[in-house]
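# Sequence first, predicted model second:
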Amino acid sequence: MTYKNCLARIKLDERDNIFVGRVLGLGCIISFYGETVSELRNEFEVAMDDFLEDCKAQGIAPEKPASGKLISV
């Protein structure tokens, strides 16, 4: 799942019967959950918007997600 150039990994928590997501490639942990795909997507967008708003309020540039590409030397 992607939003604003960020990628999230989604897993099904069978015990609680919910989808759990975690944003990849950032130093901080941003997670979210939902009982349906649309609820999950909405919570992902809310979590990312909150993260970006927090960065703005603190006057810091938000981290850019890692590209996943390796640089060879």
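Cool, got the structure. Just so you know, these numbers come straight off a predicted model, no measurement behind them. Numbers count the residues shown, from 1 in each chain.

# And stretch 17-33, end to end?
One end of stretch 17-33 to the other measures 10 Å (C-alpha to C-alpha, to the nearest Å).

# contacts for it?
The contact list for stretch 17-33 (C-beta atoms under 8 Å, 6 or more residues apart in numbering) reads 1, 6-13, 34-37, 40, 43-44, 46-48, 51, 63, 65-68. Every residue, glycine included, has its C-beta placed from N, CA and C.

# Need the buried ones from those selected in PyMOL.
Selecting only the buried entries of those in PyMOL, with 16 or more other C-beta atoms under 10 Å as the criterion:
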select buried, resi 1+6+8+10+34+40+43+44+47+48+51
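
# Out of the contacts of stretch 17-33, name the ones that lie in strands.
Judged by DSSP state E, strands contain the following of these: 6-13, 34.

# Could you dump those residues into JSON lines and include distance to residue 28 and pLDDT?
As requested, those are exported to JSON lines (distance: C-beta to C-beta, whole Å; pLDDT from 0 to 100):
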{"residue": "6", "distance to residue 28": "12", "pLDDT": "89"}
{"residue": "7", "distance to residue 28": "15", "pLDDT": "93"}
{"residue": "8", "distance to residue 28": "13", "pLDDT": "95"}
{"residue": "9", "distance to residue 28": "15", "pLDDT": "96"}
{"residue": "10", "distance to residue 28": "19", "pLDDT": "97"}
{"residue": "11", "distance to residue 28": "19", "pLDDT": "97"}
{"residue": "12", "distance to residue 28": "24", "pLDDT": "96"}
{"residue": "13", "distance to residue 28": "21", "pLDDT": "95"}
{"residue": "34", "distance to residue 28": "20", "pLDDT": "96"}
